[in-house]
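Colleague: no sequence for this one, just the structure:
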């Protein structure tokens, strides 16, 4: 097997090229020429008898075999780097700061974290509440988990959880003469809204072919945890995603209309012009296993 793989340097070059999806950018990070990177990748492919990259004009993408090898290569190289880091720093704890809203932390992230912390006992994990895209240039955060659509200003990202947005409300709002039976019944309902710059009700109105000008009372509740509880309490109708699955399964909330906004979701973000630290890469790799 060792004869087939060749030098560890070839795998490291492959890891960077696969992460950057560019031989040119890999060469810049590794301080090599683009030709040297291309040669090393080609040599690795010949030794393995596998095509690792699809090569197109000004673009490379990993093949299926390349994807599989890249995952295991990245994990192995990070394990080596982490062990070296621990040995050379007297095993000082590594701090990782992740910006995430209380809503996502409570609904999805928190109960999964034990797996990461058990696998990385020397990591000090700090979750900082944030609802806006953080300014990574300030150096306050290593990663962020944000809801919305890419691209993100001054940040790179990967989609974690694609989720449609749909109306939900307490079952009581479906009852009586003014109960919600069709989208136009929202004319007489209280809408629970997010802050104006991220409120999606106008987009949902267009999808449902409702004139937004005719919509009546609305309450702005910026915190989605509070907004969800308000919906459960029967205070109005909110737009939600699948993170309210527990409330739906218990019957605390129902979906009055099967009209959804598509293309939204939760993404993991990091600084556009900086490489992830070792511990941030460990978290990034771990969170992808949770999908």
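Modeller: Great, that's in hand. Predicted model, so just to flag it, every value in this text is computed and none were measured.

Colleague: so the residue of the chain positioned farthest from its centre, which state does it fall into?
Modeller: Using Cα atoms, centre = their mean, the residue of the chain lying farthest from its centre is residue 177. It sits 42.2 Å away. Applying DSSP: H, G, I helix; E, B strand; the rest coil to residue 177 yields a three-state assignment of coil.

Colleague: mind checking how far it is from residue 70?
Modeller: If you measure residue 177 against residue 70 using Cβ to Cβ, to the nearest Å, the figure is 60 Å. C-betas here are computed from N, CA, C, even on glycine.

Colleague: swap in residue 130?
Modeller: With distances taken as Cβ to Cβ, residue 130 is found 30 Å from residue 70.

Colleague: identify the residues contacting the helix or strand hosting residue 245?
Modeller: Counting by DSSP states H and E, the element that carries residue 245 is helix 245-250. The contact list for helix 245-250, computed with Cβ atoms under 8 Å, 6 or more residues apart in numbering, reads 168, 228, 232, 253-255.

Colleague: buried subset of those residues?
Modeller: When burial is judged by neighbour count using 16 or more other Cβ atoms under 10 Å, the buried members of those are 168, 228, 232, 253-254.

Colleague: now, which of the residues you listed sits nearest residue 282?
Modeller: Residue 282 has its nearest neighbour among these in residue 228, at 31.4 Å by Cβ to Cβ.

Colleague: which residues does the closest one contact?
Modeller: Going by Cβ under 8 Å, 6+ apart, residue 228 touches 103, 238, 240, 244, 247, 253.

Colleague: repeat that for 6 Å
Modeller: When contacts are counted by Cβ atoms under 6 Å, 6 or more residues apart in numbering, residue 228 touches no other residue.

Colleague: quick one: it is in a helix?
Modeller: Yes - checked against three-state DSSP, residue 228 lies within a helix.

Colleague: quick one on the thing from earlier: among the buried ones among the contacts of helix 245-250, which are located in helices?
Modeller: In helices, judged by DSSP state H, the following of these are found: 228, 232.

Colleague: report the two of the buried ones among the contacts of helix 245-250 separated the most.
Modeller: Checked with Cβ to Cβ, the buried ones among the contacts of helix 245-250 reach their widest spread between 228 and 254, with 13.4 Å between them.

Colleague: could you pull out the helices for this structure?
Modeller: Under DSSP H, the chain gives helices at 2-5, 8-20, 23-30, 34-48, 64-88, 102-104, 113-119, 201-207, 224-232, 245-250, 278-288.

Colleague: of all those helices, which one is nearest residue 94?
Modeller: Taking Cβ to Cβ as the measure, those were each checked against residue 94, and helix 278-288 came out nearest at 4.2 Å.

Colleague: what helices or strands is the closest one leaning on?
Modeller: Helix 278-288 sits against helix 64-88, strand 94-100, with contacts defined as 3 or more Cβ pairs under 6 Å, 6 or more residues apart in numbering; DSSP states H and E.

Colleague: remind me which residues of the stretch 1-150 of the chain are low pLDDT?
Modeller: Within the stretch 1-150 of the chain, the segments meeting pLDDT under 70 span 1-7, 82, 85-86, 88-93, 137-139.

Colleague: got a list of what the closest residue to residue 36 other than its chain neighbours touches?
Modeller: With Cβ to Cβ, 6 or more residues apart in numbering as the criterion, residue 36 has its nearest non-adjacent residue at 6.9 Å, and that residue is residue 27. Applying Cβ under 6 Å, 6+ apart to residue 27 gives the contacts 33-34, 37.

Colleague: can you tell me which of the residues you listed are buried?
Modeller: Buried members of the contacts of residue 27, scored by 16+ other Cβ under 10 Å, are residue 37.

Colleague: coming back round to it: if I look at the residue farthest from the centre of the chain, how far off is residue 188?
Modeller: As judged by Cβ to Cβ, residue 177 and residue 188 stand 10 Å apart.

Colleague: if we can go back for a sec, export the buried ones among the contacts of helix 245-250 to CSV and tack on pLDDT?
Modeller: Output for these, formatted as CSV (pLDDT from 0 to 100):
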residue, pLDDT
168, 98
228, 97
232, 98
253, 98
254, 98
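
Colleague: which one of the buried ones among the contacts of helix 245-250 is nearest residue 123?
Modeller: Proximity of these to residue 123, judged by Cβ to Cβ, is greatest for residue 228, which lies at 30.5 Å.

Colleague: measure how buried residue 131 is and give me the count.
Modeller: Neighbours of residue 131 under the rule other Cβ atoms under 10 Å: 18.

Colleague: for the nearest residue to it once chain neighbours are set aside, grab phi and psi.
Modeller: Excluding its sequence neighbours, the residue lying closest to residue 131 (Cβ to Cβ, 6+ apart) is residue 101, at 5.1 Å. For residue 101, the backbone dihedrals (degrees, to the nearest 10) come out as phi -70, psi 150.

Colleague: no further questions, thank you.
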